[in-house]
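Novice: could you work out the structure for the sequence below:
(chains A and B)
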2 protein chains.
Amino acid sequence: MSKGSDDHLVEHRTGGGALLSGGFLEVHRDNIRLPDGQPATREYIRHPGAVAVLPILDDGRLVLVRQFRYPVGRVLLECPAGKLDPGETTLDCARRELAEETGYTAREWAFAGEIHNAAAYSSESIWLWFARGLEPGPQRLDTGEFVEVVTLDATELDALAGRGELPDVKTLWGLLWLQRWRAGAWPLTWAGAGEHGSL
Amino acid sequence: MSKGSDDHLVEHRTGGGALLSGGFLEVHRDNIRLPDGQPATREYIRHPGAVAVLPILDDGRLVLVRQFRYPVGRVLLECPAGKLDPGETTLDCARRELAEETGYTAREWAFAGEIHNAAAYSSESIWLWFARGLEPGPQRLDTGEFVEVVTLDATELDALAGRGELPDVKTLWGLLWLQRWRAGAWPLTWAGAGEHGSL
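Specialist: Numbers count the residues shown, from 1 in each chain, chains lettered A, B, ... in the order given. Down below sits the predicted model:
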């Protein structure tokens, strides 16, 4: 989609800083210069980034989790996911979150892509990894974390999504990737966790 | 996915309130009771909700926009979208955002679904509408808004997404919906804007 220069769209930071920090959310308000030279401000969440995992069992079923999401007041069905720890690679985070939330470890991993889920007000990226060759193990939740593991196949997941019963967007994106990969349209490169370099 | 009671997952509010408000972002910190009775806190953005539109031209091409998203520091290709105004229905918002950002008006609309794009820390819902029977008109951007209109077909959009060049998640969700609708798997009910009730 490159159309040459994007100078007519790009905004430049001129100052500003943290409005709120020290708790869970870090909120910044930056002063900026618009493409036409006028000043404006941008408030946004600085987010360390997150990883989502689509784990595929040998029989084709997917390992998902159900958890209560307080901001929306609902239990959501989601792929295992979590925030990056400082210095952690996205694959290390994917392995950790899969193990903590579901107990599973995986022999093979494939990187699908990176998305921005709230680009209007958050710097968050979510990196999606596929996992297969799964071996079960004990769930290792943090204190105060309540997560239920469920398995279902791609057809069931697709039907839920079509009926509006899969509102979690990273999981919908995982479903799209799964369908396009199985259709031979989008490639995945599978390898052991040690063979993926620094992703 | 209902498994009977979700009491083992649900969190209950016990107090708290706004940490930050009056600007662009409204941040709350609530005191809660975890499923096991222990206390905890939840910080999150209170968001009015947003609407995304997937506008389909008579020749099948899609009308999208490119805009700079300051929090992620990139120009993103997205479907037209925007926040709900107070008292506005999601369809009124969809019609307004489509007209403002692209100039198009639509003879027929179909509601696809609702997602949560950042359920860990934002109450945001995004409601997706499809639009067809498009008539061009003048773009009506707000002062300080810089949006470029582009058209491309679904095959091009799919290829971009597979190469990681479509990181905006609501647009990926629109692509999934488009593919499943065209495959006959997920139904859309098309009607004039006045015939959709209070959606």
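Novice: what about residue A:92, which SS state?
Specialist: Judged by DSSP: H, G, I helix; E, B strand; the rest coil, the three-state class of residue A:92 is helix.
Novice: let me fix that: residue A:157
Specialist: helix.
Novice: tell me how far it lies from chain B.
Specialist: Residue A:157 sits 10 Å away from chain B, going by Cβ to the nearest Cβ, to the nearest Å. C-beta: built from backbone N, CA, C; applies to glycine.
Novice: list the contacts of that residue.
Specialist: A:62, A:64, A:166, A:171, A:175 (Cβ atoms under 8 Å, 6 or more residues apart in numbering or on different chains).
Novice: those also near chain B: which ones?
Specialist: residue A:175 (Cβ under 8 Å from any Cβ of the partner chain).
Novice: quick check: ChimeraX command selecting the buried ones in the contacts of residue A:157.
Specialist: Buried residues among the contacts of residue A:157 (16 or more other Cβ atoms under 10 Å in any protein chain shown), as a ChimeraX selection:
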select /A:62,64,166,171,175
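Novice: the contacts of residue A:157: which two are farthest apart?
Specialist: Largest separation among the contacts of residue A:157 by Cβ to Cβ: A:62 and A:166, giving 11.5 Å.
Novice: before we move on, back to that, wait, which of the contacts of residue A:157 is closest to residue B:27?
Specialist: Closest to residue B:27, out of all of the contacts of residue A:157 and judged by Cβ to Cβ, is residue A:171, at 25.5 Å.
Novice: phi, psi of that closest one?
Specialist: Torsion angles at residue A:171 (phi, psi; degrees, to the nearest 10) stand at phi -70, psi -40.
Novice: pretty sure it is touching residue A:79, no?
Specialist: Yes: Residue A:171 lies in contact with residue A:79 (Cβ atoms under 8 Å); the separation is 4.9 Å.
Novice: which one of the contacts of residue A:157 sits closest to chain B?
Specialist: The shortest gap between chain B and any of these belongs to residue A:175, at 6.8 Å (Cβ to the nearest Cβ).
Novice: between residue A:171 and residue A:79, what contacts are shared?
Specialist: With Cβ under 8 Å, 6+ apart, residue A:171 and residue A:79 have common neighbours A:52, A:64.
Novice: so residue A:189 touches residue A:111, yeah?
Specialist: Yes: shown here, residue A:189 and residue A:111 form a contact pair, counting by Cβ under 8 Å, at 7.4 Å.
Novice: which strand residues bridge the most centrally placed residue in chain A?
Specialist: With distances taken as Cα atoms, centre = their mean, residue A:126 lies nearest the centre of chain A, 3.3 Å away. Here residue A:126 sits in beta bridges with residue A:50, residue A:115, as judged by DSSP bridges.
Novice: OK, contacts around it?
Specialist: A:49, A:50, A:51, A:52, A:81, A:114, A:115, A:116, A:117, A:170, B:169.
Novice: repeat that for residue A:131.
Specialist: A:53, A:54, A:55, A:56, A:94, A:98, A:104, A:106, A:108, A:109.
Novice: just these: which are in strands?
Specialist: Counting by DSSP state E, these place A:53, A:54, A:55, A:56, A:106, A:108, A:109 in strands.
Novice: what sits closest to the fifth one if chain neighbours are left out?
Specialist: So that's residue A:106. Distances taken as Cβ to Cβ, 6 or more residues apart in numbering or on different chains put residue A:131 closest to residue A:106, at 3.6 Å, once the chain neighbours are dropped.
Novice: which helix or strand contains that neighbour?
Specialist: Using DSSP states H and E, residue A:131 maps to strand A:126-135.
Novice: run the angle between that strand and strand A:50-56 for me.
Specialist: Strand A:126-135 and strand A:50-56 are oriented at 30 degrees to each other (axes from the mean of the first three to the mean of the last three Cα atoms, to 10 degrees).
Novice: quick one: mean pLDDT over strand A:126-135.
Specialist: Per-region confidence: strand A:126-135 scores 98 on mean pLDDT.
Novice: ok so, going back, please convert the contacts of residue A:131 to TSV, extending it with neighbour count and distance to residue B:7.
Specialist: Converted to TSV, the contacts of residue A:131 look like this (neighbours: other Cβ atoms under 10 Å in any protein chain shown; distance: Cβ to Cβ, whole Å):
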residue	neighbour count	distance to residue B:7
A:53	31	27
A:54	29	28
A:55	26	27
A:56	20	31
A:94	31	30
A:98	27	26
A:104	21	26
A:106	22	32
A:108	16	37
A:109	26	35
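Novice: farthest-apart pair in those residues, please.
Specialist: Pairwise over those, using Cβ to Cβ, the maximum falls at A:56 and A:94, 13.5 Å.
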